[in-house]
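K.L.:
this is a predicted model, with the sequence first.
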Amino acid sequence: MHVGNYLGLVHGSEQHLVDALKKVAEHHGDEPDIEETCRLLASWSEKHLEHLGLLVQKYGESKNLEPANMEKALFHGPQKGSLALLRDLHDLWLLANEVQLCWTVLEQAAQALRDDELERVCQECGRETKRQIAFFLTRIKQAAPQALVVA
Amino acid sequence: MTSETRDSINDIWGERTPHGAGQAWPARVDERVSETPERWVRGACVLCSNGCGLDIGVKDGRIVGVRGLASDMTNKGRLGPKGLHGWEANNSGDRLVRPLVRRDGQLREASWDEAMSLIVRKSQELVEEHTSGAVGFYTSGQLFLEEYYTLAVIGKAGLGTPHMDGNTRLCTATAAAALKESFGSDGQPGSYEDLDVTDCVMHVGHNVASQQTVLWTRILDRLAGPNPPKIIVIDPRRTFTAEQATVHLAPKVGTNVAVLNGLLHLIIQAGKTDPAFLQAHTVGYENLNRVVEKYTPEYVEELSGVPAADLRAAGEILANTKTLVSTVLQGVYQSMQATAAAVQVNNIHLIRGLIGKPGSGILQMNGQPTAQNTRETGADGDLPGFRNWGNPEHIGQLAKLWNVPFNKIPHWSPPTHAMQIWRYCEQGSIKMLWISATNPAVSLPDLGRIRRILQKEDLFVIVQDAFLTETARYADVVLPAAIWGEKTGTFTNVSRTVHISCKAVEPPGEARSDLDIFLDYARRMDFRDQDGQPLVKWHDPESAFEAWKECTRGRPCDYTGLTYEKLLAGSGIPWPVNEGHPDGTVRLYTDFVFPTHADDAETYGQDFDTGASVTPEEYKANDPQGRALIKATDYREPHEVPDEDYPLWLTTGRQVYHFHTRTKTGRSSALNAAAPDAFVQLSPEDAARYGIKEGDWVLVESRRGLVIERARLGNTEPGLVFIPWHYGSWDDPSRPRAANELTLTEWDPVSKQPHFKYAAVRISRYAADALPTPGLLGRAVEVARHLVSGEKERTSFASESGVPQPKTTQRVDG
């Protein structure tokens, strides 16, 4: 049983995403939509972490196994400017996809375990992660032409 | 010498002409002239979004008055105070009559050739060095359709810049977004005529009595007749509109979604949905039901402050009315979750099946008279003819029509919205901003920031206007523009009704119509199509209109059946007008088929909380294929809420006697005398708490800036203060007084409309006769100095002391 392994992984990834979202919100305060939306998205991931608490009680959590290496330090701290914003959104997109993949893997396990509660949590959290990713992509598409071509 | 049929200043709406449901709205012709006209010229009023039909009186080459057009379907002869008086601004002595070019820091008169050559040289240099992404356009809700369309073609197919928007982003962007999200396309489902028969009218964040006085007259006439409709008003202030309400809900600012979710909850609880309609003509009801389930009246009261019993009373009316007309405006659009809230109004109609039938209409209102046309033509960044930037077929249609390469037309992401255009200017990637017929130095949020941007060395600012506005004073080039009455063109009101407004007199001096200015720019830039022919193939208003008609062929806003001749025949005509509907279309969706099919839809939609775009693949996977979309979301709290430092809510809005930034209405003697100055409206409780009496000067501060206003007490809840916006510095530079010194730079994630309706502020009595504390004095003087430093062309400064000069007080504040 390695469910705890992935619970640990998703826990770390969500926490990482929360930290990154808050830093981006803070550093890009001159972009009000980025600031406010990143704070909102951070609150979603914080809620996911609460859900995880209960699952960890059930399945345990293992954070020191091999997949922990996947927790790459994608986010190096933002800089100012349009290219920096683009790179930060780029990193958030990668971080969120890491989270999304974890929920998918866990949802597969939930089905095999016939654990409806785990499956429900994976679906609910996964849906919101998908919305986070959709926002990053939309904003990246908006920012990229100006940042790469004009600025 | 002046003769008028009524005193519209003191009797805003005039005499009643009562009528019962189903009877025709009687005519009542309003007229005001300063001299007997030699001739009358057909026009339509551009001083609010109602767009009343009128005739312009002319004598000795000057406008001398107006009279309402009795045959016009929009107003049946009536005119409001702004319509009856606003034309005086045309004759104002301080019109711009020659181009101005900044030299050695000063705006100096120049020839048209000098001014246009400079603009063209600058454009070419920037495009060469940085691509057309360095050029932005910021237009208005005041130009005519022909001018917007020409601008859209120049921007999208000539330069190929995605950076086009207008101040319609501040007034009507949410109307467009909400209609697209619910029905797949822009355009009002209903009509003003629905008001003549409806059983119930709901005004959400819409003070129609003050903003569209003639439309309100239409409602008052129903209220005075047999079987009057019930009126529901949702507005935090007790306005003229709210005074007539059967039920007035006064929610805390920023809580519209909570209240509307509560109303939807009550209709569903009462079992009054229309299941057959929902099943056949909508998708998404189950999700709505799930979302609104928890919005019980008690929960809504907790969130919004609206007493549960009042919500129940409104819910009962909405659950049982046989017909319903809803109107929505800035109280919804300029607030938190704007699109989400506006869509909930659409949803009330959808779950009850009250759409596409006489008496049941939705009017997602426009703040400005010609805002609808910026949306239709794409001068606001959308694609002309309600086309979808995400649909290659639609881009291909435009490329074919304009005979330009597919990739010339920017469509890689949604067009750059106004707030982002200003951000790019701030960051320096947009290096030329062409502003036409609008005054962002007064109308945008957080004016301190806007002034800093306008003053940037690396931003070349062009302002095209009739007056040296607060914004024009920062320009590098000022182009004198002709205005209403001095040029011909068409425009479309919120009821989809197209009017023509003709040139009655010559513009003053060397002023030119906006159309002529854009045509001149296109010619000098030598924009060409793929065959080497001039890109812009028209040369005057009527040929521009004919070109536009081709762009709308087969689109929801089909103009192909319209001609100037038809529009001159005595009434505006609502689109679509085509072979199938030669006399226009009063009401859309009478067959309950909505333009939501993936091939038709103007948008694939956005996430209400984040603004994330729905991808074409996702949309197609759940293609609604002609059914309306029911979307819902939970209430979220505003981002800035009152706290210890800034304990009060500020809300802002317009008054009955002023329009836009008072560029015109402030130059009409009677309108100016009726509302000469801004003020801060306080509850008696708050006034007592801060030791403020009626008429005292009050210092109002937010995290962005400060203003000094006279106190007016009453008609607002404790904790909420109101300042009428758009009082700038041109006629009173003595003190900071524009409400937008205080407002915040933040916008709705879907429509990108800024939030003017709430900000956290603090107030204190401002003793103008005593010595202010040094810190306060310093700040006030600094703000005054900012205003002065923008004034590179010093003209009429009454006072630069920083001490407010008293003015006469306001009489009406509804």
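P.N.:
Great, that's in hand. Predicted, not measured: the structure shown is a model, and the values here were computed from it.
K.L.:
switch to C-alpha atoms for all contacts and neighbour counts from now on
P.N.:
Will do.
K.L.:
got the buried residues for the strand or helix carrying B:Ile517?
P.N.:
Assigned by DSSP states H and E, B:Ile517 belongs to helix B:514-525. Within helix B:514-525, the residues scored as buried using 16 or more other Cα atoms under 10 Å in any protein chain shown are B:514-519, B:521-522, B:525.
K.L.:
next, the residue in chain A that chain B sits nearest to: secondary structure please.
P.N.:
Closest contact between chain A and chain B, by Cα to the nearest Cα, is at A:Phe135 (4.3 Å). Put simply, A:Phe135 is helix when judged by DSSP: H, G, I helix; E, B strand; the rest coil.
K.L.:
quick check: closest non-adjacent residue to it.
P.N.:
Spatially, and ignoring its direct neighbours in sequence, A:Phe135 is nearest to B:Ala612 (4.3 Å; Cα to Cα, 6 or more residues apart in numbering or on different chains).
K.L.:
my guess is that neighbour meets A:Thr138, correct?
P.N.:
Yes: in this structure, B:Ala612 is within contact of A:Thr138 by Cα atoms under 8 Å, at 5.5 Å.
K.L.:
that older thread, can you name the element that comes right after the helix holding B:Ile517?
P.N.:
helix B:541-552.
K.L.:
now that next one: average pLDDT?
P.N.:
For helix B:541-552, mean pLDDT rounds to 98.
K.L.:
swap in stretch B:227-244?
P.N.:
Here the average pLDDT along stretch B:227-244 is 95.
K.L.:
ok, stretch B:283-299 next?
P.N.:
Across stretch B:283-299, pLDDT averages out at 98.
K.L.:
list the contacts of that stretch.
P.N.:
If you take Cα atoms under 8 Å, 6 or more residues apart in numbering or on different chains as the criterion, stretch B:283-299 is touched by B:258, B:261-262, B:264-266, B:268, B:278, B:307-309, B:311-312, B:351, B:624, B:627-634.
K.L.:
and those, which of them are buried?
P.N.:
B:258, B:261-262, B:264-266, B:268, B:278, B:307-308, B:311-312, B:351, B:624, B:627-634.
K.L.:
write out the residues of chain A neighbouring chain B.
P.N.:
A:31-33, A:36-37, A:81, A:131, A:134-139, A:141-142, A:146, A:149-151 (Cα under 8 Å from any Cα of the partner chain).
K.L.:
if we use 7 Å, what do you get?
P.N.:
A:32-33, A:37, A:134-135, A:138, A:141-142, A:146, A:150-151 (Cα under 7 Å from any Cα of the partner chain).
K.L.:
neighbours around whichever residue of the stretch 601-750 of chain B sits closest to chain A, how many?
P.N.:
The nearest approach of the stretch 601-750 of chain B to chain A comes at B:Ala612, 4.3 Å away (Cα to the nearest Cα). If you count neighbours by other Cα atoms under 10 Å in any protein chain shown, B:Ala612 ends up with 21.
K.L.:
check the one 3 residues further on too.
P.N.:
Neighbouring residues of B:Thr615 were enumerated by other Cα under 10 Å; the total is 16.
K.L.:
once you drop chain neighbours, what's closest to it?
P.N.:
Closest to B:Thr615 by Cα to Cα, 6+ apart is B:Tyr604, at 6.7 Å.
K.L.:
quick one, helices of chain A?
P.N.:
Applying DSSP state H to chain A gives helices spanning A:3-27, A:32-59, A:82-113, A:116-145.
K.L.:
so, low pLDDT: which residues of the chain?
P.N.:
Because you didn't say which chain, this covers chain A. Along chain A, segments meeting pLDDT under 70 span A:63-79.
K.L.:
ah, no, chain B please
P.N.:
Looking at chain B by pLDDT under 70, you get B:768-814.
K.L.:
got the domain ranges for it?
P.N.:
B:3-91, B:100-164+B:370-574, B:173-365+B:595-629, B:648-783 (automatic domain parsing).
K.L.:
OK, contacts around the spatially most central residue of chain A?
P.N.:
Centroid-nearest residue in chain A: A:Ala96, 3.2 Å away (criterion: Cα atoms, centre = their mean). A:Ala96 sits next to A:17, A:129, A:133 when contact means Cα atoms under 7 Å, 6 or more residues apart in numbering or on different chains.
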